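Q: got a structure for you, letters missing:
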């Protein structure tokens, strides 16, 4: 237990005249996860020179991943920080004998993790092969009774309507209007993101699938490639949709996907415009009229996805021309000095206790996590990815502010910032304005005072 390990570490420090400054702990979190909060806090404090020694209970408490453990050891070695294990002898990892001992020790820990992981997967696979519900939220149209899928009659009518309208050639907007007021499984209004997931869910034709893609391996991204060990059982769930209707829908989905991939338009301001009416982020959207002419606009995210807002669309060409002109007028070589000074002042811009910044950061992390889950679940909307990208930019800004404010030391080099701004200003004056440039300067508020 954590208490047991802490007690032994405290006793070791007393016996060896080591001043214990701080305890970093992560309860109920896997040793294969180096992103755990306590571990990351230790890394950040190490970089500030807070301590010169790290005492752990044993190697497995540091990491059960061979690569991660030795990355940690090399990082500590580079900063002159000694790593001590209460229950094992750790030596010099540049010494072949000491390195071999640690390699075997952490290797045994990783072997145990892999064995337990395989047993867990095998156990779940046995249940999956029986078509048993394995947790989470059942799809719209189904309830779960005693571990088995049963049709929810009212929800099933909604699912059939979505499939029938889409197969008949109706747009997502048409379907949304026809289903006005209908809510999804979690009580939120159905939106376009919901349709993408629903229309590709094989459970609606009675096919049970589990572990379709390799998403993570030892808590790290595994590429999302098709999994050869996927469990797929046909006719194991009560079907809501006939297979002929399913095939019509899939044919149209694939045709639309190919058409979308052929013609992509870059939106400079996606994720940067907020709706005055509802607070949602505007997303870029292109429509084509009956004569084949395309019209690109920025649309309120809630209006686009769920039709729950009536904000007016903004013509993309007019707004982007205005923004590019403004950038060229503002980000000039002559203004680089003032912009650099503005950036250097950001370090002191955070509130004293950082509560507001940390709260916003937590909210952003949750939104990014939900967005990534949606993409992994099959939602292939460019607008969703644009919003995630914008959130990541804001996340980076908040992390910079918190890091600098907590340590009271400059994190950025004024000379390097000036060089970067000069190069960027040159690109802007040439007309080479990218979404990355717009997002960066919008979120970091870099402009002359």
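A: Arrived safely, thanks for sending. Note that the structure is predicted; figures quoted are calculated from it, not measured.

Q: residue ranges with poor pLDDT in the stretch 301-449 of the chain?
A: Across the stretch 301-449 of the chain, the ranges flagged by pLDDT under 70 are 346-353, 372-386, 389, 393, 397, 400, 403-413, 439-449.

Q: again, only this time at 80
A: 305-306, 326, 330-331, 333, 335-336, 339-357, 368-418, 420-421, 425, 430-449 (pLDDT under 80).

Q: now swap in the stretch 51-200 of the chain and tell me
A: Applying pLDDT under 80 to the stretch 51-200 of the chain flags the ranges 58-69, 87-94, 96-98, 101-137, 147, 181, 186, 191-193.

Q: now do 70
A: 60-64, 109-110, 113-114, 116-135.

Q: what about the helices in it?
A: Counting by DSSP state H, counting those that start in this stretch, one finds helices in the stretch 51-200 of the chain at the ranges 59-62, 66-78, 96-128, 153-167, 172-178, 192-199.

Q: again, but for the stretch 251-400 of the chain
A: 301-306, 316-330, 336-344, 355-376, 382-407.

Q: and among those, the most buried is which?
A: Highest mean neighbour count of the helices of the stretch 251-400 of the chain: helix 301-306, a mean of 23 (counted as mean count of other C-beta atoms under 10 Å). Backbone N, C-alpha and C define where each C-beta goes, glycine included.

Q: packing partners for that one?
A: For helix 301-306, the elements it packs on are helix 192-199, strand 282-288, helix 382-407, judged by 3 or more C-beta pairs under 8 Å, 6 or more residues apart in numbering; DSSP states H and E.

Q: Check which element follows the longest one along the chain.
A: Translated: helix 382-407. Downstream of helix 382-407, the next assigned helix or strand under DSSP states H and E is helix 414-429.

Q: Can you name every helix or strand that that following helix contacts?
A: On a contact count with 3+ C-beta pairs under 8 Å, 6+ apart, helix 414-429 meets helix 316-330, helix 336-344, helix 435-444.

Q: Isn't residue 238 up against residue 152?
A: No. Under the criterion of C-beta atoms under 8 Å, residue 238 is not in contact with residue 152, lying 10.5 Å apart.

Q: Show me which of those two is the more surrounded one.
A: A count of neighbours by other C-beta atoms under 10 Å puts residue 152 above the other of residue 238 and residue 152, at 18 against 14.

Q: Provide a list of residues in contact with the more buried one.
A: Neighbouring residues of residue 152 by C-beta atoms under 8 Å, 6 or more residues apart in numbering: 141-143.

Q: if I look at it, how far off is residue 425?
A: 58 Å (C-beta to C-beta, to the nearest Å).

Q: What remains of the contacts of residue 152 if I keep only buried residues?
A: For these, a neighbour count by 16 or more other C-beta atoms under 10 Å gives the buried set as 141-142.

Q: Which one of the contacts of residue 152 is nearest to residue 245?
A: residue 141 (13.8 Å; C-beta to C-beta).

Q: how about the nearest residue to that closest one, chain neighbours excluded?
A: residue 159 (4.1 Å; C-beta to C-beta, 6 or more residues apart in numbering).

Q: That neighbour: neighbour count?
A: Residues near residue 159, counting by other C-beta under 10 Å: 21.

Q: go on, residue 3?
A: Neighbourhood size, residue 3 [other C-beta under 10 Å]: 9.

Q: quick one, phi psi at the residue of the chain most remote from its centre?
A: Most distant residue from the mean C-alpha position of the chain: residue 15, 44.6 Å away (C-alpha atoms, centre = their mean). Backbone torsions of residue 15, given as degrees, to the nearest 10, read phi -70, psi -30.

Q: For it, give me the pLDDT.
A: On pLDDT, residue 15 comes in at 89.

Q: How much space separates it from residue 55?
A: With C-beta to C-beta as the criterion, residue 15 and residue 55 are 11 Å apart.

Q: hmm, back to that, could I get the helices of the stretch 251-400 of the chain as TSV with distance to residue 231?
A: Listed next are the helices of the stretch 251-400 of the chain as TSV, based on distance: least, C-beta to C-beta, whole Å:
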stretch	distance to residue 231
helix 301-306	32
helix 316-330	45
helix 336-344	53
helix 355-376	18
helix 382-407	28
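
Q: Which one, of the ones you listed, ends up nearest to residue 163?
A: Across those, closest to residue 163 is helix 301-306 (C-beta to C-beta), at 19.2 Å.

Q: For the closest one, what is the distance to the chain centroid?
A: How far helix 301-306 lies from its chain's middle: 21 Å, per C-alpha atoms, centre = their mean, to the nearest Å.

Q: which residues make contact with it from outside it?
A: With C-beta under 8 Å, 6+ apart as the criterion, helix 301-306 contacts 176, 189-193, 275, 278, 280-283, 285, 308-311, 383, 387.

Q: burial count for the spatially closest residue to residue 340 that is not a sequence neighbour?
A: With sequence-adjacent residues excluded and distances taken as C-beta to C-beta, 6+ apart, residue 340 is closest to residue 418, at 4.7 Å. Neighbour count of residue 418, defined by other C-beta under 10 Å: 17.

Q: pretty sure residue 418 is touching residue 336, no?
A: Yes. If you go by C-beta under 8 Å, residue 418 and residue 336 touch, sitting 6.1 Å apart.

Q: Which of the contacts of residue 152 fall within strands?
A: Among those, DSSP state E puts 142-143 in strands.

Q: Any chance of JSON lines for the contacts of residue 152, columns distance to residue 184?
A: Below are these laid out as JSON lines (distance: C-beta to C-beta, whole Å):
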{"residue": "141", "distance to residue 184": "11"}
{"residue": "142", "distance to residue 184": "13"}
{"residue": "143", "distance to residue 184": "14"}
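
Q: Could you single out the nearest of the contacts of residue 152 to residue 369?
A: Among those, and counting by C-beta to C-beta, the member closest to residue 369 is residue 142, at 24.9 Å.

Q: any idea how far that closest one lies from residue 176?
A: From residue 142 over to residue 176 (counting by C-beta to C-beta), the distance is 22 Å.

Q: can you tell me the helix or strand for residue 14?
A: Here residue 14 sits within helix 2-15, counting by DSSP H and E.
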